[in-house]
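Student: any chance you could fold what I've pasted below:
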Amino acid sequence: MPIVDPTEPENQEPFSSENVPEILSLEIRFAERLSMFSKAYETYKEHKEEWLKEHSGEYVVISASDVAGFFPSLVQAYNAGRRRYGVGVFFLVMPINASDPLADAYEFGGVKASSFK
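Tutor: Got it, this is the predicted structure:
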């Protein structure tokens with residue numbers, strides 16, 4: 001069986017009404033994941049100051065507004081998230097420290113991520 005390169009135009013399926021449900025399904029799943037990320041990140045921001053008092057230096061696992069717990073290492077936090085939520089459910093693992101890695105770490109075109117609302 002020959003190897004087919006899907007990036008070559010002759011091997012790409014044209015856009016048609018037949019593949020609209022698949023495209024919409026991908027968009028819906030992306031929107032759901034983005035919503036879960038937003039909820040988890042909002043939960044992190046809402047509770048970060050109180051968590052700093054008792055859990056500074058640890059990692060928190062959050063899915064939407066559900067907090068799975070606090071862990072001493074990133075690996076332990078990730079594994080706990082997988083055990084609790086399984087595969088296919090979005091969860092966020094965040095360090096509990098004074099800086100916010102999502103707001104402070106990246107700049108896109110000179111605009112800090114923290115300036116996005």
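Student: pretty sure Ala68 belongs to a helix, no?
Tutor: No - secondary structure of Ala68 (DSSP: H, G, I helix; E, B strand; the rest coil): strand, not part of a helix.
Student: next SSE after the helix or strand hosting Tyr44?
Tutor: Secondary structure from DSSP states H and E places Tyr44 in helix 20-55. Per DSSP H and E, the first helix or strand lying C-terminal to helix 20-55 is strand 59-63.
Student: and the direction of that following strand versus that of helix 20-55, what angle?
Tutor: 140 degrees (axes from the mean of the first three to the mean of the last three CA atoms, to 10 degrees).
Student: what is strand 59-63 packed up against?
Tutor: Judged by 3 or more CB pairs under 8 Å, 6 or more residues apart in numbering; DSSP states H and E, strand 59-63 is in contact with helix 20-55, strand 66-71, helix 74-85, strand 92-95. C-beta here means a position set from N, CA and C on the backbone, and glycine is covered the same way.
Student: in CSV: the ones you listed, plus mean neighbour count.
Tutor: What follows is the helices and strands packed on strand 59-63, written out as CSV (neighbours: other CB atoms under 10 Å):
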stretch, mean neighbour count
helix 20-55, 13
strand 66-71, 16
helix 74-85, 15
strand 92-95, 19
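Student: Val60 contacts Ala77, correct?
Tutor: Yes - here Val60 reaches Ala77: they are 7.2 Å apart, a contact under CB atoms under 8 Å.
Student: determine the residues that are contacts of both of those two.
Tutor: Taking CB atoms under 8 Å, 6 or more residues apart in numbering as the criterion, Val60 and Ala77 both touch 70-71, 93.
Student: tell me the one of these nearest Lys39?
Tutor: Val93 (15.0 Å; CB to CB).
Student: what separation do you get for the closest one and Tyr85?
Tutor: 11 Å (CB to CB, to the nearest Å).
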